[in-house]
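# got a sequence here, can you build the structure:
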Amino acid sequence: MRKKNIKNNLYSLGDILFPLLKRRGLSYKIEENKLFKLWPDAVGEKIAQQTKPEAFKNSTLFVKTTSPIWIQQLHFIKDEIILRVNANYGKNIVKEIRFSIGHISENNPPAATNDNQFYLHDRDKKMIAACTSSLSDPELASIFRRVMRGEINRRRRLEARQAREK
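As a prediction, the model looks like this:
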C-alpha cells in the first residue's frame, strides 16, 4: 500500500474561507482588517500614534487624525503612504486615502487608568453618585460619572506628583 503525500493536500484556512466570504459579499472585511493591521508598519510609529484607519470602501481608505495639522502634513505624503500600504499589502488595493479629524483611541489603555480606583475615595464615589442620580438619561449619567472620576483622579495624581517633587 502506498502512502499519500498529505502535504500536497493541505490548504490554508484563508484560501478556503476567502472564496466563500467573497461569494457572500464579506471579502472586503478581510481586506479592511488586513489593512488596519499593516497600517502602523506602513506609515511608521510616529504617524501611527496620530492616526487610525477607520474604514475601507471602494478602494478608499478613511483615516482619522488627531488634528488639522496632521491632516495637512499627511496630504503632502499621501501618495507615498498609498505606495507603502499597497507594498505591505502585496497588491494595489488602496487608490485613495481620505483624512478626517477624530478621536484616536489607544488599543491598550494607558497605565494611568489602572490607578483610577486608587485615587477615588469612598466619599468621592458617593458625591459622584449623588450628583448623577438626578439625571434621567442613563447614557448622560454614565458620561458625567466618567468625566467626574477622570477629573478627580487627574487632580489627585497631580497632587501626588507635586508632593513627590517637594
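# how far away is residue 61 from residue 44?
Residue 61 is 16 Å from residue 44, where distance means C-beta to C-beta, to the nearest Å. In short, each C-beta sits where N, CA and C put it, glycine included.
# between those two, which one's more packed in?
residue 61 (23 against 11; other C-beta atoms under 10 Å).
# look up how far residue 166 lies from that one.
Taking C-beta to C-beta, one finds residue 61 at 50 Å from residue 166.
# what residues sit buried inside the helix ranked longest in the chain?
Ranked by residue count, the top helix of the chain under DSSP state H comes out as helix 138-165. The neighbour-count check on helix 138-165 (16 or more other C-beta atoms under 10 Å) flags 141, 145, 148-149, 152-153, 156 as buried.
# neighbouring contacts of whichever helix or strand residue 82 is part of?
Assessed by DSSP states H and E, residue 82 sits inside helix 78-89. By C-beta atoms under 8 Å, 6 or more residues apart in numbering, the residues outside helix 78-89 that reach it are 34-35, 38-39, 41-43, 61, 74, 92-97, 99.
# residue ranges with poor pLDDT in this structure?
1-8, 14, 25, 27, 105-119 (pLDDT under 70).
# all strands for it, in order.
Taking DSSP state E as the test, the strands found in the chain are 51-57, 60-65, 96-101.
# within the sheet, what are the partner strands of the second one, with directions?
For strand 60-65, the pairing partners within the sheet under DSSP bridges are strand 51-57 (antiparallel), strand 96-101 (parallel).
# which one of the ones you listed is the most hemmed in?
strand 51-57 (a mean of 18; mean count of other C-beta atoms under 10 Å).
# and it, how far out from the chain's middle?
Chain-centre distance of strand 51-57: 9 Å, with C-alpha atoms, centre = their mean, to the nearest Å.
# next, the angle helix 78-89 makes with that strand.
80 degrees (axes from the mean of the first three to the mean of the last three C-alpha atoms, to 10 degrees).
# run through who's touching strand 51-57.
28, 31-32, 35-36, 39, 43, 61-66, 70, 74, 94, 99, 102, 104-105.
# stretch 141-149 too?
Contacts with stretch 141-149, where a contact means C-beta under 8 Å, 6+ apart, come from 116, 120, 124, 128-129, 131-133, 135.
# of those, which belong to helices?
Per DSSP H, the contacts of stretch 141-149 map to helices at 116, 124, 128-129, 131-132.
# could these be laid out in a markdown table, adding neighbour count?
Putting the ones in helices among the contacts of stretch 141-149 into a markdown table (neighbours: other C-beta atoms under 10 Å) gives the following:
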| residue | neighbour count |
| --- | --- |
| 116 | 17 |
| 124 | 15 |
| 128 | 19 |
| 129 | 12 |
| 131 | 13 |
| 132 | 17 |
